[in-house]
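Asks: Requesting a structural model of the entry that follows:
(one chain, ligands or ions: 1)
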Amino acid sequence: MQRILSRALCGKSSLFPRAATQSPFSTLANTDVSVGEDDTVFPKMPPFDYTPPPYTGPSADEIIRKRKDFLSPSIFHFYDDPLNLVDGKMQYLFDEKGRRYLDAFGGIATVSCGHCHPEVVDAIVSQTKRLQHSTILYLNHAIADFAEALASKLPGDLKVVFFTNSGTEANELALLMSRLYTGCHDVISVRNGYHGNAAATMGVTAQSSYKFNVVQTGVHHAQNPDQYRGIFGSVGFKYARDVDEMITYGTSGCVAAFIAEAIQGVGGIMELAPGYLQAVYSTIRKAGGLCIADEVQSGFARTGSHFWGFEAHGVVPDIVTMAKGIGNGIPLGAVVTTPEIAKALAHRSYFNTFGGNPVCTAAGHAVLKVIEKENLQQNAFNVGLHLKQRLDSLKEKYDIIGDVRGRGLMLGVELVTDHQLKTPAKAETVHGMNQMKEMGVLVGKGGFFGNVFRITPPLCFTKEDADFLVDVMDHTASHAISKIAREAPVSYPTKRKTQKVKPKKGPPIPHHAAPAIGGLSLQCWPIWPSNRNICSDHAASISSSGKGMFRREISGGDR
Ligand code: PMP
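Replies: All right, here's what the predicted structure looks like:
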């Protein structure tokens, strides 16, 4: 029997109680036990009192066929066996068979209050029944009420709101406004950042996976103040010199704007090194430019310590852009700036048919009220702290975890095949995601190399949910280690201090081409095992290949 004692590390008592019976179950939500064929006991999802209605729609196969025939060839899906999600309730999602999953990704940091939060749904339904659309050319209270409430959440003179339909649109508008206001063209953004997929925003985005070969003018991508891989570690002001030099050598001396996320989301939950933003904001302002904070992912209380990500850096931007969490899943974005900067748009007409429509703004207003009423910022802080501490413990236990970072409920776990070389464990990340999904946990994936688990759940996530997530991750890693140890005299990867595979002299060995050790070829050996023994419905189709997540060989994650 293989018993996993993952919490021994944290000094806690037995985590996975042995079940009396082996139980193939139809929904994890209603099942008390999960035991594998080899007596492995699996972590148990916290109970949740909700059963979704039966699903009568098309099968996953049919949906896949329709996607293939009628939707963009550039879309891809997570998981070897893609999930067909049909219901959501708070921090949980349900597939077509009613199986419950803990949503630790939140539709890419978008579901802030919880799936189908009743008060947000009520606001949407009531407004839809009364007036779904008119046009901004007439009066309506929804947009005005929400603009006032939103402005009250921002510091300084940031009180003029422009509504858009997405984050891309918000950033496009912010860049346009900066160029108009300053009369300059050059914009500086940070490498590894993501800001959108339209003309200007694709330009400032600095991840090649998301850049098409079209003209993107006047953009300079500064060195990323990356605390994990960056040459200056966590000393933010040293990275800021690059921005100064870019202005000196690469522009006329005048710039329109600097744009950055406080925590790069798509980039793999990379929090900018402390001191960086303060130094760069000062440099940019000396060159006449405006500072744009892209809060599309880090805004709306997600970081726990603050309502906006930039606040942790002690700066006040000139323009703040937002989307995702603002609407809990409703298409909505916004740009907030000062009255003076806002005037730049008054010389011509900036018109947006749907931006600020009554239904979306009613939803946005309801989101703000729920965040306050349910104290979700404090919850993000408390649960995030607990979750990060537990993830840090896992990092001590497994070599494959190179870094745990982020704040609140915006956390990242970076996987590497070599701690010193920081070799990205790409295939293992995909494989780990598949494994965790089969055990009922959905995390995202990101980072330039696609080797970071992104944890951005709805802000109603509980400590029990956090424990379950970490137990599942721990279980996956523990099982891999024991399985590999069973099958080969040398295990890889292993607990750090005891059994380390030393890199040979010469160039680093790429993780996908590592030599055979002790009869076990390490080539594509999944650190996260192929677990044919998981007995739940969640275990239907774990694959050991770790392949197939992307249709094309692109690095990175998901937006
Ligand atoms: N900025 C950031 C930081 C983002 O993460 C994203 C989307 N992932 C965007 C902008 C673009 O938002 P959207 O997809 O709504 O256009």
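
Asks: Name the nearest residue to residue 290, ignoring sequence neighbours.
Replies: residue 318 (4.1 Å; Cβ to Cβ, 6 or more residues apart in numbering). From N, CA and C alone the C-beta is placed, and that goes for glycine too.

Asks: so what's the closest residue to the ligand within the chain closest to, chain neighbours aside?
Replies: Here the chain gets closest to the ligand at one residue, residue 167, 2.4 Å apart by Cβ to the nearest ligand atom. Residue nearest to residue 167 in three dimensions, not counting chain neighbours: residue 323, with 3.4 Å by Cβ to Cβ, 6+ apart.

Asks: tally of neighbours for residue 50?
Replies: Residues lying near residue 50 (other Cβ atoms under 10 Å) number 12.

Asks: List of residues touching stretch 357-373?
Replies: Identification of contacts with stretch 357-373 by Cβ atoms under 8 Å, 6 or more residues apart in numbering yields 112-113, 117, 119-120, 122-124, 126-128, 131-134, 140, 142-143, 145-147, 149-150, 153, 163, 165, 300-301, 325-328, 330-332, 334, 354, 376-377, 459.

Asks: Just the buried ones among those residues, please.
Replies: Among the contacts of stretch 357-373, those scoring as buried are 112-113, 117, 119-120, 123-124, 127, 140, 142-143, 146-147, 149-150, 153, 163, 165, 300-301, 325-328, 330-332, 334, 354, 376-377, 459 (criterion: 16 or more other Cβ atoms under 10 Å).

Asks: Tell me which stretches of the stretch 351-500 of the chain form helices.
Replies: In the stretch 351-500 of the chain, the segments counted as helices under DSSP state H, counting those that start in this stretch are 358-373, 376-397, 426-438, 463-487.

Asks: Tell me which of those sits most buried.
Replies: Mean neighbours per residue, mean count of other Cβ atoms under 10 Å, is largest over the helices of the stretch 351-500 of the chain for helix 426-438, with a mean of 25.

Asks: With only the CA atoms kept, save that helix in PDB.
Replies: Extracted in PDB, the C-alpha atoms of helix 426-438 (Å, rounded to 0.1, in the frame of the first residue of the first chain):
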ATOM      1  CA  LYS A 426       7.200  22.600 -19.900                       C
ATOM      2  CA  ALA A 427       6.000  19.000 -20.500                       C
ATOM      3  CA  GLU A 428       5.800  18.400 -16.800                       C
ATOM      4  CA  THR A 429       3.600  21.400 -16.300                       C
ATOM      5  CA  VAL A 430       1.100  20.200 -18.900                       C
ATOM      6  CA  HIS A 431       1.200  16.800 -17.400                       C
ATOM      7  CA  GLY A 432       0.700  18.100 -13.900                       C
ATOM      8  CA  MET A 433      -2.300  20.100 -15.100                       C
ATOM      9  CA  ASN A 434      -3.800  17.000 -16.600                       C
ATOM     10  CA  GLN A 435      -3.200  15.100 -13.400                       C
ATOM     11  CA  MET A 436      -4.700  17.700 -11.200                       C
ATOM     12  CA  LYS A 437      -7.700  18.100 -13.400                       C
ATOM     13  CA  GLU A 438      -8.400  14.400 -13.000                       C
END
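
Asks: Convert stretch 173-182 to CSV, retaining C-alpha atoms only.
Replies: C-alpha atoms of stretch 173-182 as CSV (Å, rounded to 0.1, in the frame of the first residue of the first chain):
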residue,chain,number,x,y,z
LEU,A,173,-7.7,53.7,-25.5
ALA,A,174,-5.1,54.4,-22.8
LEU,A,175,-2.3,54.4,-25.4
LEU,A,176,-4.2,56.6,-27.7
MET,A,177,-5.0,59.0,-25.0
SER,A,178,-1.4,59.2,-23.9
ARG,A,179,-0.2,59.9,-27.5
LEU,A,180,-2.8,62.6,-27.9
TYR,A,181,-2.1,64.2,-24.5
THR,A,182,1.6,64.2,-24.8
